[in-house]
Structure formats: structure tokens, C-alpha cells
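Q: Let me see the structure of the following:
(chains A and B)
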There are 2 protein chains.
Amino acid sequence: MEINTLNDFNPVLSAKKEQTLQFQFNQYLLKKIENGSLPPGTKLPPSRLIALDLGISRNTVTHVFDQLKAEGYLTSKKGSGIFINPALPMITERLLKGAWAAKTQLPGLSTYGKNLKEASLESSHLIIDKKNLPFTPGVPDHRAFPEKIWTRIQRRHTDRNALKGYDNSQGYLPLRKALTDYLRLSRGVICNEDQIIITQGAQQAITLCALLLLDQKDVVLMENPGYTNARHAFLTKQAELQPLEISTNGINVESLPDRTNAKLMYTTPTHQYPLGGILSASQRLKLLDWAATHNVWIIEDDYDSEFHFHGKPLASIQGMAKRTPVIYIGSFSKTLYPALRIGYMVVPKELTGTFTEAKTHLSGESPLLPQAIVADFISEGHFIRHLRKMRLLYQEKWDHMQFLVKQNLASLATPIAESAGMHLALRIDTKSDVHLQTAFAKLGFGSTALSSYYFEPPVEKGLVLGFACTHYQERESGIVALRKLILNKNL
Amino acid sequence: MEINTLNDFNPVLSAKKEQTLQFQFNQYLLKKIENGSLPPGTKLPPSRLIALDLGISRNTVTHVFDQLKAEGYLTSKKGSGIFINPALPMITERLLKGAWAAKTQLPGLSTYGKNLKEASLESSHLIIDKKNLPFTPGVPDHRAFPEKIWTRIQRRHTDRNALKGYDNSQGYLPLRKALTDYLRLSRGVICNEDQIIITQGAQQAITLCALLLLDQKDVVLMENPGYTNARHAFLTKQAELQPLEISTNGINVESLPDRTNAKLMYTTPTHQYPLGGILSASQRLKLLDWAATHNVWIIEDDYDSEFHFHGKPLASIQGMAKRTPVIYIGSFSKTLYPALRIGYMVVPKELTGTFTEAKTHLSGESPLLPQAIVADFISEGHFIRHLRKMRLLYQEKWDHMQFLVKQNLASLATPIAESAGMHLALRIDTKSDVHLQTAFAKLGFGSTALSSYYFEPPVEKGLVLGFACTHYQERESGIVALRKLILNKNL
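A: Modelled structure (predicted):
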């Protein structure tokens, strides 16, 4: 199709004549391309003619042609002229009439979707942008990351064609093998590589448990306070959450009900999140007994056992017998880095096929290259060395935190010492710890309101501060700022 | 704790005396460590004494000590001796009694879990290991991957600390911006970067639609034949699937019901998967009209629009008006490589927050480094160039396939020419195309049985062959082998 003229161009003149004309001509052509009046393959008149015709400078026309060529809307054929790019998709007629234009409302959401939307609207005024502010919980120290070693291993695997295609939904075998050894040694987990499934962070592992173990409205026993994102995963199945009471040493096993219709229990027995209690050996046995008697699954989330400082971690509940009703979950988000998004779960032998298939249905395979790097990082011994280094580093930061808290927050906040690993939970007598969190964020410091970890009263108030990724000055100014904030709110 | 003797070692002697003794002593110590009889920190007797006491060579003892030290079970302190590694977790007593030991059965699965397990058992004899055999559908040509450029961009981003922490669940902003421009230009998709959500492959995008748009037992209109993994995602919500009839030009829009209670419809209008039909502009308008009238969501999965050879792709249904009841989905699995696991979805403005939050609940954020690489790869123009190159390459392979099929399978199979892009769908008159797939795999060639794409009769039989990642010889030998196979089965 060849056209001779573009005669409906009506620019609005202004002081910045040249710039505005160029912009308007650009928009004018773009609009005609997008609404189909200049279909792909159409030949435009020569720039000289357009300029003459419209009374604008030829420079303007050629500048706009160049812009639109760079963006792919126009192409030029030597000796032939300028064309609307023939490779552009055929723009279908966008009728102003038609049923979809008359509709003002989109189709509906699921029950879960509606609940989510409502909840978002309610809490939207409290949304604090999740930047990596100092004291944001859950962030490891990037500066101490063994960059050189990691990059060297990465270079080894980057060009491998085998890591570009499809592999195994269950996860890269060398990684599962390396994990089998590591978990046995460090956590007493009993399994072979066939029982391990690599997931997109621990979150996907918890989601898979929700999908495969829960029907709608099933009861889940959930630590209260506990890991908020675990609750979110169970709520995708509209589960009914019942609270597990937390004491200084983790779950209060004595308070478990004699009768229950719960399907599963979510626990962090090695280092309760966020309060830090450690479930003793005898209490673990009792918990396992109770779960077996009442036919309840235990999800054992071992999120940061490598970093708490109150004695060596107890062996996993999963490994306490050859066959336990336990799904063991872990992640590299805190031991390596969060954006890696590699987690893992250990499931009973007879369920590995089912869990793997469900993972395929949710998201297909996990990316191969990062798995290959982590596998070598572990099997070459770098991981163990890295953990040892980070443990010492975090211990130092913890010592400093203890000093600062004692010095500045003595009567204003109560530190929950067991919580320390990568974060410190503080009890604070305040009207609203959520407002405290927001105010602290405005000063440039992250934190999470302690009350947000609860889903049932009675609720404790305070702040959880992640100190792993802070440096000396940040901790000092942060705790001093927190002191002022608490004092001001008390006035 | 210090012990003086290890006196319950009872080895079984055999011909390979030294090796067996060493192995048995190793296992003996390991067992004692693992069952808690030698707790962490225990000091072992000197190797000399053990050897004397047990009547075995000192070499045996020190070899085993060295093995267990290398594995982390033992440590040695200079001048002090050998210890059970104090850093090992406290192994809790593994009682043989206790409720969990008496139980032979694990707790139950959800309804979805049970269905999945049963289905796996039924089809387990048909499971073909998903290797990257030539002709496996869905695999792009790795050899043509722009490795140097990709690695250069990767190097730019690998050390960035900002890409290690938490960013934005919705996805890395520069990638969403790059996608906005690319999708507008190539697919006529109308959106800004706030409407894009990065997902773990297209699979997670479809799963999110299932989670947020479907309640249990809701009706989904599904192309028949159609994308199997899409069905799997809807079945995680136990949706009821109703078939959409497919003709030469995609969905038979005339056959859409006058009344329906369907919640959503899954479509691949630009290049129907797997038969390849293209929905014309007027049919798209009718489809959109129908969906708007009946309040049905359209999931538009644009899986390989870049590669089909039957004219330029029509603009997306999503962009046919300012506001459409369409969720647009795409992925880089076929344009870059599958193991990258980056997909994307474009959702209506008012739902971006809800979809993002649901994604957080399913799996948290997407890995940042790959997103950063893809963003630059697109915005620096490499992606467009790469697509152009692959399009030419795949066209050549398609020409060769057409020749081979004509030459070898003339009366034995009917090629569905529209299907070509990266695969060819063949109709084959055979008793069981699943058995044909298995037999072909045993000869070293991948494929997918055409019947497996159907969930409702009438079912067509044949094979889908992915030719994108094949080279000349593989195609020749593969098609010749297929000919023989079909002839043999007909005898």
C-alpha cells in the first residue's frame, strides 16, 4: 500500500516550536500505525514531500523517521523509501463498539482472590516498601559473600548446554546428593537423594505441603507467634489455623490438645521463629509421639539452624527414627543469599513422585545453573567454611547488639536473647508496634512489628531487628534512633 | 566424655580381609556415633590401643579415623587425640519404642494429592524419562544461543550486591520496562510496566490464574487438543474442564455455547498448541465479544508467536481495546532457553497487587540475576536480533522436515503444516500413539503422542516432533526410523 500524503496532521504550536513539532509528529505517526490506518508494509511519502506539504522542516520529518526506525516501527529499503515495518503484527480493528467496550467490570475473582484483594485494601496504608534497609530481618551479610569462589564456579557451568534444557523437575541430581550428605552431617536428617526436592525457596516447599496435604477448610496447627509467610501458604487452601502456644523453649508441648482434627502442624523446633526457643530432645520425642498418635503431619522448617548461638543445634525431628511423619524444609536464602531462590524439602520415600509432579504443575523445573553452582559450592567444602565464617561474624554483631541494647534500651525494651542468630526480637511496651515500625522505616531503618507474627491473641508487641546485614555505625545509629523513637512515643 | 575401649566390635572375616575389616570398622563407629552411644565431644582411645585391643592392624584404625575425619565425624586436636566432632548435632535417643515406630502408615494426603498419586500409579509404566532426545518438543537450539553476549552481560551483573537481596515480588523493574516496549512492538500488547508480573515460567502464571480466578469445581473452557500443563494447573483447583473444539484456524468460535457458567477460557490464539491454527482477526473479535457477554476470563498464552511461518502474527487479543478481560501470558523458555525459568503475565491494572501478593505466597520473589541479564539482553537489541536469527534457522529446519516427511512418510502420516514453528504435528493411523512414542524413544528419539494433548474424545492420534533442536543427520535418521516403526506396527 502506498500513500501520497499525510494531511490530517494538526500540530499545536508553542514556544518550544521545533521540539514540540517533532514530538507531535512522532505521536501522530505512532497513533496512525497503532490504530491500523497505516498498516504494516505501507510506503510513506518521501520526507521532502511531507515537509513541503505540512509546512514543517525536513529535519523534523527525518528525525522522527529515525526515532521510529530505531524503535522498529519504520524500516527503510535502499532506493525504495520508508515503510511501515512489514514485520509489525497486523493491528486488528479496534472497534469502539462491541460488548467488551460496554462492560465496565471485569469478570470475578475466586474466593481466595477476593479475600486477598480485600485484605490488601485494608492494610494498604501500612505498606512499607521492602527495601534492604538496615535491620530488615532475613537479610544475610552480602559484603561477606565469597564472590570470587562463587564466580569461579559459575564460570565453570555457564557454557554447559546440558544446563540449558530440561533436566529433572525434582532438582539437579548433584545438588540433591550434596544436600543429602550435608543434611545428614549437620542436621541428622536421614534420607537419600531421591527424597529431596529442590524448590523455589522454602516458600514453594510450604505451598506444596498445603496443596498435597490440605483440603479446603482443613485445620492447621500453626506456631503463634510464627512465620507469617507459612500462614499465607496455608491460606491459599483456605485452611483453618489453630494456634500453637510458644514458650521460652519453643512449642509448649504440654498444651497440645488431647483430641484434634488437625491435618498438619507447622514448626520451627530448632530455633523458633521469631522468638528463638529451642525444643529440647525430650520435648521433640513427645511432639513426635503426639503427631503419630493423632495422625498429624509435622512440617519441620529448619530456617537458620546454622546461626543460633545457644549450644549446638539438636538433630532434626525428621531423623529421630527411620520413618517419621515429618516433611523437612530448608533454604539457602539466609546461608547464601535471598535472590538465589533455592530451597529444599525432604519427603517420605513413597511421596517423592507425587510432590515432584505437583511441583511441575505449579511451576515446572527449577533453574539449573544456580543449582549446579550450589552443588559444587557444597561438595568442594566452601559451604561449610562459609557457614563457619558467617557464624563468627554474626556472633560479633550479636555481641555488639547486646551491648547497644543494654546501653540504650535498658528500661524501654526487653531483648529476647534466645532469638539471636540473625535477628533480635525486642518486647516493647508501645501502643502500636506497627506504627513504630513505620516511624523507624521513615528514619531509614527496617524492622518487623512483633505483633505481625501473631494470628491469634494474646499478642505481644515489639520489633524484630535483623542485624546480620548491618555494619557497626548502622547498629549504633539505629539503636540510638530507636531509643529516641520509643521515648517520644511515650511522651 | 572419655572412653577407654571399643570392645563390642565383631567383624565378619572374609577373603578380602583388610578391605572388609576397614569397612566394617568404619560402619561400626558410624553407627555408634549416629545412635548416640558416642556423643559429640567424646574422646576416642589412641589408635595404637584400639588396634592392640581388637587385634586389627593400626593402619586399619588410622585409615578409618582419616575417612571419618574427612567426612566431619571425627576431629583431632594436636597433642590431645581424636574426638567425636563436638560440632555434630546432639543425636537424640532413637527409641525403638514410641508411637511413631508402631505406626506403619503416614498421615493422609489432600484430595488433590490422592488423585495425583493414583494417576501416577496408573501411568507409571508409560513414564518416559524426559531427556533432551532429538525431536523432544519445546526445546530450542542451544547451539545457536548467543553465549558470548550473554556471558558478557552476566559478568556485568554478577557482583552486584543489589541483586543478592530482596527486590520486588512483581519482578525486576528494568525487565518489566523492557518487556513493556517489546510486547507493544511485537504483539500489540497495551500495558505499562506495573501490569507485568515476572513468573517462574509460563506455568506459574497459569497457576496464579487458577488460584485467583477459580474456586473448586469451577468450569474452565480448555482447548482440546491443548497444552497439557495448563490442564494440570487448573486441576490443582479441581476445576471442571470443558472442551473447546479446535479447527484448522484455531478455536471453532461458532461452536461456543450460548449459555455457560465457565469462569475462564485457556487459549493459544496466535498459534494453536499443538495443531497450529491461527485465529483470524474477525474470529478474535467474536471471541472477545463472547467472553465479555458471558463474563468469562480469557487466558491468552502466546507461547511461540515469534516462530511460526504462516504470515506475520496477529496482534494480541489483550490489546484489542483499552480494557479487555484478558490475562496475557508469555515465556522465554523457547526464545532463550528452558532452564532460565522466566515467564511473564500482563494483568489488568486493578489486579496487579493481588496477583503479585499471591505470587509471594506461592514462591516469594523470582531470582534477580537472570532477570537483570534478560533486561539488558532485550533493551540492547540482542533479543530482536536473536529472534530474527532463530526464525531463519528454524525456517531452514522446517523446510528440511517438510522434504523428509514427504519423502519418507507420504502415505504413513499426515503432516499438519500450520503446526510448524518449532515442532511438527503428524497425524498417524496407529493403534496406540503412546506405544509409538515409547518405541521411538527406545530408538533414541523424543516426541509426544498427539492423543496426550486431548482430555475429551474424539481423539486424534499421531506424534508431535520438536525439530528446533535437531541437526541435519538427526532429522534424517529420525524420520527414516519413524517410517520403519510405523511400517512395522502396521504389519
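Q: Leaving aside the residues adjacent along the chain, what's closest to A:Ile342?
A: Leaving aside its sequence neighbours, A:Ile342 sits nearest to A:Phe332 (C-beta to C-beta, 6 or more residues apart in numbering or on different chains; 4.8 Å). Glycine gets a C-beta too; all of them are placed from N, C-alpha and C.
Q: now do A:Pro174
A: Leaving aside its sequence neighbours, A:Pro174 sits nearest to A:Ala375 (C-beta to C-beta, 6+ apart; 4.1 Å).
Q: Could you point out the helix or strand that follows the host helix or strand of the one you found?
A: Under the criterion DSSP states H and E, the helix or strand holding A:Ala375 is helix A:368-379. Using DSSP H and E, the helix or strand that directly follows helix A:368-379 along the chain is helix A:382-408.
Q: Tell me how far that next one lies from the chain's centre.
A: From the chain centre to the centre of helix A:382-408 is a distance of 25 Å (C-alpha atoms, centre = their mean, to the nearest Å).
Q: what's the answer for stretch A:51-63, then?
A: Stretch A:51-63 has its C-alpha centroid displaced from the chain centroid by 51 Å (C-alpha atoms, centre = their mean).
Q: Kindly report the same for stretch A:347-355.
A: Here the centre of stretch A:347-355 is set off from its chain's centre by 25 Å, with C-alpha atoms, centre = their mean.
Q: Where do the domain boundaries of chain A fall?
A: Structural domains of chain A, as assigned by automatic domain parsing, span the residue ranges A:6-96, A:146-381, A:385-487.
Q: Now mean neighbour count and mean pLDDT too, for these, in a markdown table please.
A: Putting these into a markdown table (neighbours: other C-beta atoms under 10 Å in any protein chain shown; pLDDT from 0 to 100) gives the following:
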| stretch | mean neighbour count | mean pLDDT |
| --- | --- | --- |
| domain A:6-96 | 16 | 79 |
| domain A:146-381 | 21 | 92 |
| domain A:385-487 | 18 | 94 |
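Q: So which of the ones you listed is nearest B:Gly81?
A: When those are ranked by distance to B:Gly81, counting by C-beta to C-beta, first place goes to domain A:146-381 at 20.3 Å.
Q: Ends of the closest one, what's the gap?
A: End-to-end distance of domain A:146-381 (C-alpha to C-alpha, to the nearest Å): 13 Å.
Q: Tell me which residues touch the residue nearest to A:Ile342, please.
A: A:Leu340, A:Ile342, A:Gly343, A:Val374 (C-beta atoms under 8 Å, 6 or more residues apart in numbering or on different chains).
Q: from those residues, which single one is nearest chain B?
A: Within the contacts of A:Phe332, the smallest distance to chain B is 6.4 Å, found for A:Leu340 (C-beta to the nearest C-beta).
Q: Now do the same contact list for that closest one.
A: A:Leu340 makes contact with A:Phe332, A:Ser333, A:Pro370, A:Val374, B:Lys164, B:Pro367, according to C-beta under 8 Å, 6+ apart.
Q: Spatially, which two of these are the most separated?
A: Comparing the members of the contacts of A:Leu340, the greatest separation, given C-beta to C-beta, is between A:Val374 and B:Lys164, at 14.0 Å.
Q: Next one: A:Tyr172 relative to A:Gln371, how far apart?
A: As judged by C-beta to C-beta, to the nearest Å, A:Tyr172 and A:Gln371 stand 4 Å apart.
Q: Could you tell me which residues touch both of these two?
A: A:Ile198.
Q: so how far is chain B from A:His271?
A: Separation of A:His271 from chain B (C-beta to the nearest C-beta, to the nearest Å) stands at 12 Å.
Q: What does that residue show for phi and psi?
A: Here is the backbone geometry of A:His271 (degrees, to the nearest 10): phi -160, psi 90.
Q: One more: A:Tyr266?
A: Dihedral angles of A:Tyr266 (phi, psi; degrees, to the nearest 10) stand at phi -100, psi 120.
Q: now it, which residues is it bridged with?
A: When bridges are taken as DSSP bridges, the partners of A:Tyr266 come out as A:Met222, A:Ile299.
Q: and the stretch 301-450 of chain A, which residues reach chain B?
A: The interface of the stretch 301-450 of chain A toward chain B, taken as C-beta under 8 Å from any C-beta of the partner chain, is made up of A:312-316, A:320-321, A:323-325, A:337-341, A:348, A:350-351, A:353-354, A:357-358, A:360-370, A:384.
Q: make it 6 Å
A: For the stretch 301-450 of chain A, the contact set with chain B under C-beta under 6 Å from any C-beta of the partner chain comprises A:312-315, A:320-321, A:324-325, A:337-339, A:341, A:348, A:353-354, A:357, A:361-364, A:367-368.
Q: circling back: closest one to B:Leu211 among the domains of chain A?
A: Each of the domains of chain A was checked against B:Leu211 via C-beta to C-beta, and the shortest separation belongs to domain A:146-381, namely 6.2 Å.
Q: any residues touching stretch A:161-181, and which ones?
A: The set of residues external to stretch A:161-181 that reach it, using C-beta atoms under 6 Å, 6 or more residues apart in numbering or on different chains, is A:157, A:193, A:196-198, A:344, A:356, A:359-360, A:365-366, A:368-369, A:371-372, A:374-375, A:378-379, B:130, B:132, B:139, B:142, B:337-339.
Q: what are the C-alpha coordinates of that stretch, in CSV please?
A: The C-alpha coordinates for stretch A:161-181 follow below in CSV (Å, rounded to 0.1, in the frame of the first residue of the first chain):
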residue,chain,number,x,y,z
ASN,A,161,24.5,-26.8,27.1
ALA,A,162,23.2,-29.5,29.4
LEU,A,163,22.2,-26.8,31.9
LYS,A,164,20.0,-25.0,29.3
GLY,A,165,17.5,-27.7,28.5
TYR,A,166,15.1,-29.7,30.6
ASP,A,167,16.6,-31.8,33.4
ASN,A,168,14.6,-33.2,36.3
SER,A,169,11.7,-31.5,38.0
GLN,A,170,12.9,-32.9,41.3
GLY,A,171,16.1,-30.9,41.0
TYR,A,172,19.6,-31.3,39.8
LEU,A,173,21.0,-34.6,41.0
PRO,A,174,24.5,-33.4,42.1
LEU,A,175,22.8,-30.8,44.3
ARG,A,176,20.4,-33.4,45.8
LYS,A,177,23.4,-35.6,46.5
ALA,A,178,25.4,-32.8,48.1
LEU,A,179,22.5,-31.9,50.2
THR,A,180,21.9,-35.5,51.4
ASP,A,181,25.4,-35.6,52.8
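Q: The most far-flung residue of chain A relative to its centre and A:Val61, how far apart?
A: Ranked by distance from the centre of chain A (C-alpha atoms, centre = their mean), the top residue is A:Leu52, with 57.3 Å. Here the distance between A:Leu52 and A:Val61 works out to 10 Å (C-beta to C-beta).
Q: helices or strands next to the helix or strand encompassing the residue farthest from the centre of chain A in the packing?
A: Under DSSP H and E, the secondary-structure element containing A:Leu52 is helix A:47-54. Under the contact definition 3 or more C-beta pairs under 6 Å, 6 or more residues apart in numbering or on different chains; DSSP states H and E, helix A:47-54 sits against helix A:58-70.
Q: can you give me the angle the helix it packs on makes with helix A:47-54?
A: Here helix A:58-70 points in a direction 120 degrees away from that of helix A:47-54 (axes from the mean of the first three to the mean of the last three C-alpha atoms, to 10 degrees).
Q: next SSE after helix A:58-70?
A: Following helix A:58-70 in sequence, per DSSP H and E, is strand A:74-77.
Q: Can you tell me what sits against the next helix or strand after that following strand?
A: Where DSSP H and E defines the elements, the next helix or strand beyond strand A:74-77 is strand A:81-84. Residues from elsewhere that reach strand A:81-84 (C-beta under 6 Å, 6+ apart): A:Ile33, A:Leu38, A:Pro40, A:Thr42, A:Lys43, A:Leu44, A:Phe65, A:Leu74, A:Thr75, A:Ser76.
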